[in-house]
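S.K.: generate coordinates for the sequence data below:
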Amino acid sequence: MNSRQDRVWTRVMVTGLPLFLILGVAVIFATRTTLSEENSADKIAQDLSPAQESLKPVVKPEKEWKSLLTEEQFHVTRKKGTERAFTGRYWDNKRNGIYQCICCGLPLFDSTTKFKSGTGWPSFWEPFQQQHVLLEEDRSLFFSVRTEVKCRRCDAHLGHVFEDGPEPTGLRYCINSAALDFKFRRKKSDRRSGKQGSP
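M.R.: Just a heads-up that it's a prediction; the model follows:
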């Protein structure tokens with residue numbers, strides 16, 4: 001009897017061992033694949049984190065904004081004001097560089113997209129990065145609907161965007177100088193011309 005049981009057990013071991021080995025290899029392979037995918041996901045997250053970090057919201061109490069900004073800068077950026085045409089620091093600026101948010105320093109516009117609109121406010125046909133600006137419907141003027149342009153990081157009011165700009169976008173981002181901080185860059189710029197409206 002014992003001999004017969006031994007033969008049966010031997011047969012089970014012989015036929016079951018390969019199956020056990022196959023299952024073991026499959027588990028190891030699946031584990032390594034999962035770890036590899038997790039490492040790839042971690043690497044992608046690490047690669048994206050600087051960009052995501054740059055858009056991390058900047059929130060300050062009104063009292064702190066008042067201490068950091070001039071009266072006009074505060075009025076324009078935190079109270080949705082508008083500077084008078086042809087009075088801003090950058091409406092006729094022809095230097096090469098980047099226009100940053102005066103409140104949080106986020107790059108908003110490049111001088112290569114600035115053009116002469118004849119309106120008295122700095123005008124651009126495209127943002128530095130589309131995700132750096134936020135567009136919202138503005139019904140603050142009676143019987144008029146405009147599109148407000150805001151800094152995505154700190155929610156500062158910048159101006160408005162109109163559909164009367166030059167190619168290639170046909171847009172005119174009409175921006176208050178008081179909402180901008182210009183950083184000079186030593187490189188030739190390519191400015192274009194266009195026309196019309198107020199921030």
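S.K.: which residues touch Lys183?
M.R.: When contacts are counted by C-beta atoms under 8 Å, 6 or more residues apart in numbering, Lys183 touches Gly97, Ile98, Tyr99, Gln100. C-beta coordinates here come from the backbone N, C-alpha and C atoms, glycine included.
S.K.: quick check, nearest of these to Asp138?
M.R.: Tyr99 (21.0 Å; C-beta to C-beta).
S.K.: from the contacts of Lys183, which land in strands?
M.R.: Mapping the contacts of Lys183 onto strands (DSSP state E) picks out Gly97, Ile98, Tyr99, Gln100.
S.K.: of the contacts of Lys183 - the most surrounded one?
M.R.: Counting neighbours by other C-beta atoms under 10 Å, Tyr99 leads the contacts of Lys183 with 26 neighbours.
S.K.: isn't that residue right up against Pro122?
M.R.: Yes: here Tyr99 reaches Pro122: they are 7.2 Å apart, a contact under C-beta atoms under 8 Å.
S.K.: what touches both of these two?
M.R.: Common neighbours of Tyr99 and Pro122, counting by C-beta under 8 Å, 6+ apart, are Tyr90, Phe109, Lys114, Ile175, Leu180.
S.K.: and the furthest pair within these?
M.R.: Lys114 and Leu180 (10.7 Å).
S.K.: what ranges do the strands span in this protein?
M.R.: Using DSSP E, strands in the chain cover 97-101, 107-110, 114-116, 123-124, 133-138, 146-151, 157-162, 172-175, 180-184, 192-193.
S.K.: cool, thanks, signing off.
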